[in-house]
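Chemist: sequence first, predicted coordinates after that:
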Amino acid sequence: MKFNAPSLPEFDSDTYPQAVVALRLIGEKEDAETPFHQHHKCQLVLALSGFVKCHIDDAIWIVPPDCAVWIPSQVPHSNQISKSADVCMLFVNPDIEGMPDKSCTLSMTPLLRELIIHLTAQEQDYRKGGSTDRLVTVLIEQLRSMPTEHYEFPIPSEPRLKVIAKALMAAPDDRQTVAQWASQHAMSERTLSRLVKSEIGLTFGRWRGQLHIVLALQKLAVGESVQRIAEELGYESVSAFITFFKKTLGQSPKQYIKSKAL
């Protein structure tokens, strides 16, 4: 992976006494993934183009356009950056008040996006009270006010559900019913449904739907056609996929991408 200096392997956010530091990364011709790691500073992952898939603790998160994934302090995570992606990483001291205490997706305003981009171009060992430090104060105030979104696919710790989650990720076009999944794992349909609800807080259908949304956003971000996405996710028709997407996010895939490009 090609990175703007300093490169990610050399960049240790925890060595900086500054409350907030930032880094901009440019992906190469192939997807690349960092090994699982953790650090004292919290991390915000913002994709300017392409996508980032974050494996965080017990879920997979996609960074869609105009959003960013927040990773709290000391939470193990790995970031997969798509080829030719343009990504900003923001690192924030955990003692700054008003920041999320759990992993989440945050909406990004154009102002906050530009503040982060500007910070990545500055010297990161900026002095307290200087112009960069004052910019960071504004950035933090903006970050505190950002609403959260839900673009994650939770992976339960319960062994049988974890196996099902991995099977769903490996074959997202698999349209087996709840009863069929339950039978494979020596459970009744009712037991599996109750287990998913208690572990994740969703019905089985909505859980699988979360995976489809995560994957659809990832594929849309790199320019895949709606028809191909519908086929890869196992929908009987393009219109069925568009109906599902619109019901979940309130917009059709094309409307969603168009709104994020504004």
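Modeler: Done, it's in. Keep in mind it's a predicted model, so treat the numbers as computed, not measured. Numbers count the residues shown, from 1 in each chain.
Chemist: where does this structure dip in pLDDT?
Modeler: Scanning the chain for pLDDT under 70 picks out the ranges 1-10, 28-31, 65-66, 260-262.
Chemist: how about the strands in it?
Modeler: Remark: strands assigned in the chain by DSSP state E are 20-26, 32-33, 42-49, 52-56, 59-63, 67-71, 77-81, 86-92, 104-107, 148-149, 152-154.
Chemist: and the ones you listed as a markdown table, adding distance to L217 and mean neighbour count?
Modeler: C-beta: built from backbone N, CA, C; applies to glycine. A markdown table is the format used below for the strands of the chain (distance: least, Cβ to Cβ, whole Å; neighbours: other Cβ atoms under 10 Å):
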| stretch | distance to L217 | mean neighbour count |
| --- | --- | --- |
| strand 20-26 | 20 | 22 |
| strand 32-33 | 18 | 16 |
| strand 42-49 | 10 | 22 |
| strand 52-56 | 10 | 22 |
| strand 59-63 | 5 | 24 |
| strand 67-71 | 9 | 25 |
| strand 77-81 | 14 | 21 |
| strand 86-92 | 15 | 22 |
| strand 104-107 | 10 | 18 |
| strand 148-149 | 10 | 14 |
| strand 152-154 | 11 | 21 |
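Chemist: tell me which of these lies nearest to G129.
Modeler: Smallest distance to G129 across the strands of the chain (Cβ to Cβ): 14.5 Å, for strand 20-26.
Chemist: which parts of stretch 228-244 are buried?
Modeler: I229, A230, E232, L233, Y235, V238, F241, I242, F244 (16 or more other Cβ atoms under 10 Å).
Chemist: among the strands of the chain, which comes closest to Q251?
Modeler: With distances scored as Cβ to Cβ, the stretch of those nearest to Q251 is strand 148-149 (13.1 Å).
Chemist: contacts for that closest one?
Modeler: The contact list for strand 148-149 (Cβ atoms under 8 Å, 6 or more residues apart in numbering) reads C67, P100, C104, T105, L106, S107.
Chemist: skipping adjacent residues, who's closest to the fifth one in space?
Modeler: In other words, L106. Using Cβ to Cβ, 6 or more residues apart in numbering and skipping residues adjacent in sequence, the residue nearest L106 is M146, 4.3 Å away.
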